[in-house]
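[1] Provided below for reference: sequence and predicted model.
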Number of protein chains: 2
Amino acid sequence: MSMTRRDFIQSLGAVAGVEAVYRTMQALGLSGAGEAHAAMIDLPPGSGRGKSVVILGAGISGMTAAYELSKAGYDCTILEATGRAGGRNLTVRGGDVIEETGGRQRVDFDRGDHLYVNLGPARIPYHHRALLGYCKEFGVELEVFTNDNRAALFHNRERFGGKPLTARQVTTDTRGYIAELLAKAVNAGALDSELTGEDKERILEMLVRYGGLDPDRLYKGSSRGGYRGERIHAGLKAGEVNSPLDLSELLKADFWQYKLHFSQFLNQNPTLFQPTGGMDAVVRAFEQRVRPLIRYNSPVKEIRKTSAGVRVVTGREAVDADFAVCTIPAPVLKDIPNDFSPETRAVIESIKFVSAVKVAFQSRRFWEEDHAIYGGISWTDQDITQIWYPPYGYHRDKGILVGAYIWDEEPGLRFSAMTPAERLRAAAAEGERIHPGYTAEMETGVSRAWLNAPFQKGGWPGDRHASPEALQKPDGAIHFAGDQVTGLPGWQEGAVLAAHLAVNAIHERVTAR
Amino acid sequence: MSMTRRDFIQSLGAVAGVEAVYRTMQALGLSGAGEAHAAMIDLPPGSGRGKSVVILGAGISGMTAAYELSKAGYDCTILEATGRAGGRNLTVRGGDVIEETGGRQRVDFDRGDHLYVNLGPARIPYHHRALLGYCKEFGVELEVFTNDNRAALFHNRERFGGKPLTARQVTTDTRGYIAELLAKAVNAGALDSELTGEDKERILEMLVRYGGLDPDRLYKGSSRGGYRGERIHAGLKAGEVNSPLDLSELLKADFWQYKLHFSQFLNQNPTLFQPTGGMDAVVRAFEQRVRPLIRYNSPVKEIRKTSAGVRVVTGREAVDADFAVCTIPAPVLKDIPNDFSPETRAVIESIKFVSAVKVAFQSRRFWEEDHAIYGGISWTDQDITQIWYPPYGYHRDKGILVGAYIWDEEPGLRFSAMTPAERLRAAAAEGERIHPGYTAEMETGVSRAWLNAPFQKGGWPGDRHASPEALQKPDGAIHFAGDQVTGLPGWQEGAVLAAHLAVNAIHERVTAR
């Protein structure tokens, strides 16, 4: 009997552990970007029969685990603390209610398929292939999400007289100055020890193209940054290009610290997607397949190890199972009485979540009508950090604009401490500095301070916590999942990959017995 | 009686000419990017009553002119040489026929709302507000067009062993090397005469961020360029980033000449749009409104000045009118017997069109399935120049890929001289070097050599022709339009703006009488 590649991997898994299986599958091209589907999980049908798994949390990670395990015959129960599935994947529309400790908001948006906002995750990068695989498998329709719009604005209260600048100008001028300066240095021989004569010649030519330099290799503005006047493009006859921004002022602004190259980051690179009609299309697709397994409004009160596996106690019942997959966010999990090992507890304690806040307003699409801004993000040094112009519903009368997306600790805590009404006022006042007349355009608004979200207590694991991979190993019969245990904190792809890891690990334990 | 701003402008127009009106409207914010509609044209209803205009060509420019003039009461006739409206705005689907001198192709694509290709214009930049205004007015639904996809490829037969490289790596490494070199030069004091001490400090910090440099300000690769292995992203645990590409080899490749910064060009900047379902949605929207005015299959044989205005002779009839708006492409127009002034003739003769060619294939969406490429453009130094992955129909089984988009003269002429079957073979063979197995994936294909398109004879005015603005002035009663008379050759926005210019000029003449 010949051994298939998958047999080989599974035999490897029995001796080397799940991580090795994962890496081997990757190396053999059986998983990863090479496949637009969730094929890394392909448990033999019926292989889980007679085994039970209790899954804590009906977010993306928990539902992924339940979907895959139940396909293989496992008896799954999902305990969900709230009345809805999805966890941090939260899209709101007119009529919805947003619950927070210390406040309840009714969403007053008009009704319309484009009048929604994703208060949690909002983008899916092209290389998040496990999640994209489910979108394909489930028929979730996708459209492009725009991070980088050259019509959007950069704003710093202290610089350029506090006047917002267009991204096309800031980007073009930054490239221009960098190219001019490097060309001067190369030409002066300052890099002769780094570059061959041939390299030098080519790099000089390259810099002219890179920066849009003039024949003397000086940067004097470029049509890439747009023409003077309202028309921007060349129109009937190309006019004058904008004068370059002052270099010293550009260096004093905070644009370059990360805002200016935000879309260079791997997870912010184009192509990015969003499900048409709202990110919760992903939630609905999973929920539709696992709904009978979910016990809503069942917050976990205790997590116990038993001789047979695990016992999870809610306000209503005690669920015994052979295994658990726990996706409860660390800031919540740390306070639930449990039998975890001291090591596990220490890791959970160490995971700090970001105080992320989003504010969203309904308004006339003045950004399109008046400023030719279609989607994308404006940046400011104010607390609101960003304004997102909806990359959907183009040319409709109204839209839902993200008027603040905050993740830095201090402004995050400031906004989290405000009432919903205070947040709207504060966000509108800051938006006013970027778009004069802004406040008057706003018809209604909502906010989400994730710190105050019951059973979440934060947006996602921040940068500075201890190695989360420690939670990729089970503690007894309890496996951990959620984006918090992966190298992709805050991304649904992390939630899915963590679920796959837990599912594979449980499968290995069951089939190795 | 108070004078409105529009009154003021119109009074100005009577003395200063249309160009002045245009500039003034722009300055007053009555046109341009500030308005997402075609409001710069707003002729008083009935103001053209009793006056006739013959419009040559039912492309975007001709139909725009007819739409606006007939709204104002002008008696318009459009003479269209072919059996269809739209001109170079050409979308094809299964069952269509592509006519060229020397060949007729039947399009064999499967039927499906995503199985089409735009063989002419395919993108609408965010600042092409006159065209976008019509899209809004007519309810043409838009979706995002993707130029810049970091998963797409750069390929040079001579460099990197002829292996295609991902855009994310080429982009990241180029930025990294530029930043490292400039940091070294700044640090060595080579730019002390250019930068203050404060600037120097900031620019060094900026370069670390710009290029993703290490703490020693050296570029050693960056997660922005992706992680090793198939997964690309950090996954469960961030692995190693890709090693930087060799700098000398990068400088020897032709990527940086323009391919690498293509999306920096003003008309290629994000956000870009395409009408959902095909660019000819724009054609249909205009045609629906002016269809009764169009005489199809009426190629123009003569253009004559008369004492009353103009006479245009087709194979069937002679049409007399007070004015003409002539949008016939220069390479065709120059051979039509006419009464133009010697100056007009010289300008028309000087306008050379580009030998643009597109080849399109139907295939399995292997680019998505196997390579995580969703939309965007791969570049090669071969004749085909580009491969476009369709930025629509994501995750469907099949798609129409643009297998060649050529505009350089030599390859354009080479492909134009081939039979349609030869073009498919040539394009597939070149695509094979970028995507091994490519040829076997291709099910059927079509091509368009615009040089061979009857009544077009080329793609768009190339870079080197004489000032086209000379044709913005009428020759007697004959006004010229089309993208060819503007600073936006090859763009539908140019076609629309030229039509507006002609319409405004005719209006001024009529109301000044």
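    That came in fine, so what should we check first? Numbers count the residues shown, from 1 in each chain, chains lettered A, B, ... in the order given.

[2] Against residue A:122, how distant is residue A:272?
    For residue A:272, the distance to residue A:122 (Cβ to Cβ, to the nearest Å) stands at 9 Å. For every residue, glycine as well, the C-beta is placed using N, CA and C.

[3] Can you pull the residues that touch both of these two?
    Common contacts of residue A:272 and residue A:122 (Cβ atoms under 8 Å, 6 or more residues apart in numbering or on different chains): residue A:145.

[4] Could you list the low-confidence segments of chain A?
    Residues of chain A meeting the criterion pLDDT under 70: A:1-39, A:463-466, A:513.

[5] hmm, back to that, comparing residue A:272 and residue A:122, which residue is more hemmed in?
    Applying other Cβ atoms under 10 Å in any protein chain shown to residue A:272 and residue A:122 shows that residue A:272 carries more neighbours, namely 25 against 21.

[6] Residue A:239: neighbour count?
    16.

[7] what's the answer for the one 3 residues further on, then?
    With neighbours defined by other Cβ under 10 Å, the count for residue A:242 comes to 20.

[8] cool, and residue A:443?
    Residues near residue A:443, counting by other Cβ under 10 Å, number 13.

[9] Likewise for the one 4 residues further on?
    Residues contacting residue A:447 under the criterion other Cβ under 10 Å number 28.

[10] Is it bridged to anything, and to what?
    residue A:359 (DSSP bridges).

[11] Could you pull up the contacting residues of it?
    A:98, A:105, A:357, A:358, A:359, A:360, A:404, A:415, A:420, A:423, A:424, A:427.

[12] Show me what counts as buried in the helix or strand the last one falls within.
    When you say that, I think you mean residue A:427. For residue A:427, the host element (DSSP states H and E) is helix A:420-434. Of the residues in helix A:420-434, A:420, A:423, A:424, A:426, A:427, A:428, A:430, A:431, A:433, A:434 count as buried by neighbour count, 16 or more other Cβ atoms under 10 Å in any protein chain shown.

[13] separation between the third one and chain B?
    When you say that, I think you mean residue A:424. 27 Å (Cβ to the nearest Cβ, to the nearest Å).

[14] just checking, that residue touches residue A:360?
    No - counting by Cβ atoms under 8 Å, residue A:424 does not reach residue A:360; the two are 9.5 Å apart.

[15] okay, and the common contacts of these two?
    Joint contacts of residue A:424 and residue A:360 (Cβ under 8 Å, 6+ apart) are A:403, A:445, A:447.

[16] Name the nearest of the buried residues of helix A:420-434 relative to chain B.
    residue A:434 (16.6 Å; Cβ to the nearest Cβ).

[17] list the contacts for the closest one?
    Shown in contact with residue A:434 (Cβ under 8 Å, 6+ apart): A:153, A:155, A:164, A:378, A:380, A:387.

[18] any idea how far it is from residue A:155?
    5 Å.

[19] where does residue A:176 fall, phi/psi-wise?
    The phi and psi values for residue A:176, taken as degrees, to the nearest 10, are phi -60, psi -50.

[20] ok, now which ones touch it?
    A:211, A:212, A:213, A:219, A:221, A:222, A:244.

[21] ok, which residues in the stretch 201-350 of chain A are in contact with chain B?
    A:202-203, A:206-207, A:209-210, A:212, A:223-227, A:229-238, A:247-248, A:251-252, A:256-258, A:260-261, A:264-267, A:269-271, A:273 (Cβ under 8 Å from any Cβ of the partner chain).

[22] Tell me which of these fall in helices.
    A:202, A:203, A:206, A:207, A:209, A:210, A:247, A:248, A:251, A:252 (DSSP state H).

[23] Give me the buried subset of these.
    Listed as buried from these are A:202, A:203, A:206, A:207, A:209, A:210, A:247, A:251, A:252; burial here means 16+ other Cβ under 10 Å.

[24] how does chain A divide into domains?
    Per automatic domain parsing, the domain ranges recorded for chain A read A:31-79+A:294-351+A:470-512, A:91-151+A:270-278+A:354-452, A:167-253.

[25] Please dump the ones you listed into JSON lines; it should also carry distance to residue B:344 for every row.
    Below are the domains of chain A laid out as JSON lines (distance: least, Cβ to Cβ, whole Å):
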{"stretch": "domain A:31-79+A:294-351+A:470-512", "distance to residue B:344": "56"}
{"stretch": "domain A:91-151+A:270-278+A:354-452", "distance to residue B:344": "35"}
{"stretch": "domain A:167-253", "distance to residue B:344": "17"}
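
[26] can you tell which of those domains is closest to residue B:317?
    domain A:167-253 (32.8 Å; Cβ to Cβ).

[27] got the end-to-end distance for the closest one?
    13 Å (Cα to Cα, to the nearest Å).

[28] What of stretch A:452-469?
    26 Å.

[29] Now it: buried residues?
    A:452, A:453, A:455, A:456, A:457, A:458, A:459, A:460, A:461, A:462, A:465, A:468.

[30] Render the CA-only coordinates of stretch A:476-486 in CSV, please.
    Backbone C-alpha positions of stretch A:476-486 (Å, rounded to 0.1, in the frame of the first residue of the first chain) are rendered in CSV as follows:
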residue,chain,number,x,y,z
GLY,A,476,-4.4,19.0,29.8
ALA,A,477,-7.5,18.6,27.7
ILE,A,478,-7.9,22.3,27.2
HIS,A,479,-6.7,23.7,23.9
PHE,A,480,-6.5,27.5,23.4
ALA,A,481,-7.4,29.3,20.3
GLY,A,482,-8.3,32.8,19.0
ASP,A,483,-6.1,35.3,17.3
GLN,A,484,-4.4,35.9,20.7
VAL,A,485,-2.4,32.7,20.5
THR,A,486,-0.9,33.5,17.0
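
[31] Distance check, residue A:475 against chain B.
    Counting by Cβ to the nearest Cβ, the gap from residue A:475 to chain B is 17 Å.

[32] quick one on the thing from earlier: out of the contacts of residue A:176, grab the one that's most surrounded.
    residue A:211 leads the contacts of residue A:176 on contacts (other Cβ under 10 Å) with 28 neighbours.

[33] does the nearest residue to that one once chain neighbours are set aside count as helix, strand or coil?
    Nearest non-adjacent residue to residue A:211, counting by Cβ to Cβ, 6 or more residues apart in numbering or on different chains: residue A:179, 2.5 Å away. On the three-state scheme (DSSP: H, G, I helix; E, B strand; the rest coil), residue A:179 is labelled helix.
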